[in-house]
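[1] for reference, the sequence and a predicted model appear below.
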Amino acid sequence: MSALDVTLAHDFDTWRRAVSASFVPLAVEADRSGTFHGSMRGKHIAREDLSMIEVAASSHAVMRTPKLIAAADRRYFKLSIQLAGTGLLLQDGREAVLQPGTLAVYSTDRPYTLAFDGDFRSLVLMFPHSALDLPADAMSQITATAMSGEHGLGALVAPFLVRLSENLGAVAGPNGTRLAHNALDLVTTLFNGELDARSAASRDPHQVLRARIHDFIEANLGDPELSPGAIATAHYISTRHLHDLFREHGTTVSASIRERRLERCRRDLRDPVLADRPVTAIAARWGLTDSAHFSRIFRAAFGEPPSSYRAAG
């Protein structure tokens, strides 16, 4: 689909319904004594469950409440880039002041408030937790923190996303999917840089070690011999200590490796550049050399065999 979804609201009730329909269900509040105007322009890539929407509106606030969270069956991250006006994001006990050029991330599986005190414009990229090659629990360290779009990695990521939003009509078909993957790769790099900086600043040896282990796993996903033992040996720790590090974050080493490999395979199966590459070759590229096992775990994760998933793209 190349057409964009465009919503125009000239009253608050229309806006309240549109916001929840475009993102996730939200409680919306505004001063109803004055006039209200709002617009949304964007696109939803269904197969990736990814949305990019530019929002412009009068002052108001949105809240993700515990009741709304309890009724949800999917978890998303939302990355916001403030384009004009100012706002305030609250989540996980932190506050981020959003000024033009500021980036900030928040998660839909925990309460948050996003408030704007005047007319504003922002760009929002929403994607499932599973699409990010970073542990969701680690991400809780950087939610509701202001990231500069003018310095460091933010100065590379923000312009790409803004330019992509300006050309959303071209984000269609296989090439559109590839662009979406590129955007997620850049966003992952931005978040990983923020996490690394926080680990270094805190000098918490566990955080530093977890960051090193994560980078090692990412760099070696294609190695069929990647295992807890190999990871522990490379970092001069016991396998028991390694398992404890992952258990602290509610997962296991093997599950983390499997999830990251499957996500890479899923993305490759939709990549037009790799359309002629056999499914087994794509699996082997990411360390999954047993084709029958790969087919089983892919179906369990995504609801259909890898060949069917590719054909449906």
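    The structure has been received and is ready for your questions.

[2] any idea which element Ser83 lies in?
    Careful, residue 83 is Leu and not Ser. strand 76-84 (DSSP states H and E).

[3] thought Ile213 was touching Leu242, still the case?
    Yes. Taking contacts as C-beta atoms under 8 Å, Leu242 lies within contact range of Ile213: 7.4 Å. Using the backbone N, CA and C atoms, a C-beta is placed for each residue, glycine as well.

[4] who touches both of these two?
    Here Leu242 and Ile213 share the contacting residues Ile231, His235, scored by C-beta atoms under 8 Å, 6 or more residues apart in numbering.

[5] tell me the buried residues in the worst-scoring helix or strand of the chain on mean pLDDT?
    Scoring the helices and strands of the chain by mean pLDDT, DSSP states H and E places helix 136-139 at the bottom, with a mean of 77. By neighbour count on 16 or more other C-beta atoms under 10 Å, the buried set for helix 136-139 is Ala136, Ala138, Met139.

[6] I'd like the residues you listed laid out as JSON lines, including distance to Ile297.
    Shown next, in JSON lines, are the buried residues of helix 136-139 (distance: C-beta to C-beta, whole Å):
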{"residue": "Ala136", "distance to Ile297": "20"}
{"residue": "Ala138", "distance to Ile297": "24"}
{"residue": "Met139", "distance to Ile297": "24"}
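
[7] and which of those is nearest to Val97?
    Ranked by distance to Val97 (C-beta to C-beta), the buried residues of helix 136-139 are led by Met139 at 20.1 Å.

[8] who touches the closest one in this structure?
    Phe77, Val105, Ser107, Leu132, Phe191, Leu195.

[9] the last one touches Ile142, doesn't it?
    Yes. At 6.3 Å, Leu195 counts as touching Ile142 under the criterion of C-beta under 8 Å.

[10] which of the two has more neighbours?
    Comparing Leu195 with Ile142 by other C-beta atoms under 10 Å, the one with more neighbours is Ile142, at 23 against 20.

[11] quick one: secondary structure of the residue lying closest to that one once chain neighbours are set aside?
    Leaving out its chain neighbours, the residue that sits closest to Ile142 by C-beta to C-beta, 6 or more residues apart in numbering is Glu194, at 4.8 Å. Assigned with DSSP: H, G, I helix; E, B strand; the rest coil, Glu194 falls in the helix class.

[12] and the residue lying closest to Ala234 once chain neighbours are set aside, how far is that from Ala70?
    Closest residue to Ala234 apart from its sequence neighbours, by C-beta to C-beta, 6+ apart: Phe216 at 6.0 Å. Counting by C-beta to C-beta, to the nearest Å, the gap from Phe216 to Ala70 is 37 Å.

[13] quick one, which of the two is more surrounded?
    Using other C-beta under 10 Å, the more surrounded residue of Phe216 and Ala70 is Phe216, with 14 against 7.

[14] what pLDDT is listed against that one?
    Note for Phe216: predicted pLDDT of 91.

[15] list the contacts of the residue nearest to Ile142.
    By C-beta under 8 Å, 6+ apart, the contact list for Glu194 reads Ile142, Thr145, Met147.

[16] can you name the next helix or strand after the helix or strand that contains the residue nearest to Ala234?
    Element membership for Phe216 (DSSP H and E) is helix 205-219. Going down the chain from helix 205-219, the next helix or strand is helix 228-234, by DSSP H and E.

[17] so what secondary structure elements neighbour that next one?
    Packing contacts for helix 228-234, counted by 3 or more C-beta pairs under 8 Å, 6 or more residues apart in numbering; DSSP states H and E, involve helix 205-219, helix 239-247, helix 253-269.

[18] rewinding a little: nearest to Arg32, of the contacts of Glu194?
    Thr145 (32.0 Å).

[19] who's in contact with that closest one?
    Counting by C-beta under 8 Å, 6+ apart, Thr145 touches Arg94, Ala96, Ala104, Glu194.

[20] neighbours of the nearest residue to Leu90 once chain neighbours are set aside, how many?
    Sequence neighbours aside, Thr113 is the residue nearest to Leu90 in space, at 4.5 Å (criterion: C-beta to C-beta, 6+ apart). Neighbourhood size, Thr113 [other C-beta under 10 Å]: 19.

[21] and Thr113, helix, strand or coil?
    Following three-state DSSP, the label given to Thr113 is strand.
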